[in-house]
Structures are given as C-alpha cells and as structure tokens.
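Enquirer: return atomic coordinates for the entry below.
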Amino acid sequence: MPAIIQHYIPTFLQRRFGVDPENKKTKVYRLDTPSGSCRLANPRNEAAERRFYRLIDEDGNIDDSVEDLLSPDPPVGGGVPSGLG
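Expert: Now for the predicted structure:
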C-alpha cells in the first residue's frame with residue numbers, strides 16, 4: 001500500500017539543512033512568504049504532499065502504480081537482511 005504523504009525533497013536531505021544536522025530529530029526553518037516570518041518545522045511535514053504520485057485517469061480510476069514502483073519493498077533501512085538475523 002502506498003504511503004499517504006510523499007516527499008518531493010527527502011527528509012534525510014532536509015535534515016542536512018536543519019538546526020542540528022547530526023540529530024535525526026532536528027528542525028528546519030520554514031519561511032512564510034506572505035508574512036516574511038520564519039518558524040521551525042519538522043522535516044517530516046515539509047516538502048511533501050498527500051498522495052503526490054497518485055494518478056487519476058479521465059474516468060476517475062485511481063492508479064498507484066507509480067508509487068508502488070518508487071517505494072522499495074521492504075522499505076530502505078527496514079529490517080535485517082536475510083542471513084544476518
């Protein structure tokens with residue numbers, strides 16, 4: 001099943017621009033363009049859209065094949081490779 005929120009800039013790259021790049025829980029600065037003010041934000045919620053890679057054809061049929069193609073199975077970093085556990 002595809003993820004609901006897909007990042008067009010991966011979180012691991014966003015963290016490199018964080019307040020503390022070595023900390024996985026670091027925050028990044030987000031600029032509010034209308035007001036010009038900055039605030040700290042969680043990279044998990046930034047540079048992402050809900051169902052970004054979902055395609056809907058002219059008949060309204062939903063196609064998640066692009067997301068399935070881009071999502072590694074198992075997820076990267078998820079689990080222990082066979083033979084090592």
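
Enquirer: I'd like the distance between R39 and E46.
Expert: Counting by C-beta to C-beta, to the nearest Å, the gap from R39 to E46 is 11 Å. All C-beta spots, glycine's among them, are computed from the backbone N, C-alpha and C.

Enquirer: the two - which one has more neighbours?
Expert: Between R39 and E46, counting by other C-beta atoms under 10 Å, E46 is the more crowded of the two (15 against 10).

Enquirer: returning to what we had before: now do the shared contacts for R39 and E46.
Expert: Taking C-beta atoms under 8 Å, 6 or more residues apart in numbering as the contact rule, R39 and E46 both touch R30.

Enquirer: hmm, R15 is touching P21, no?
Expert: Yes - contact criterion C-beta atoms under 8 Å: R15 and P21 qualify, at 6.1 Å.

Enquirer: between those two, which is the more surrounded one?
Expert: More crowded of R15 and P21, by other C-beta under 10 Å: R15, with 20 against 12.
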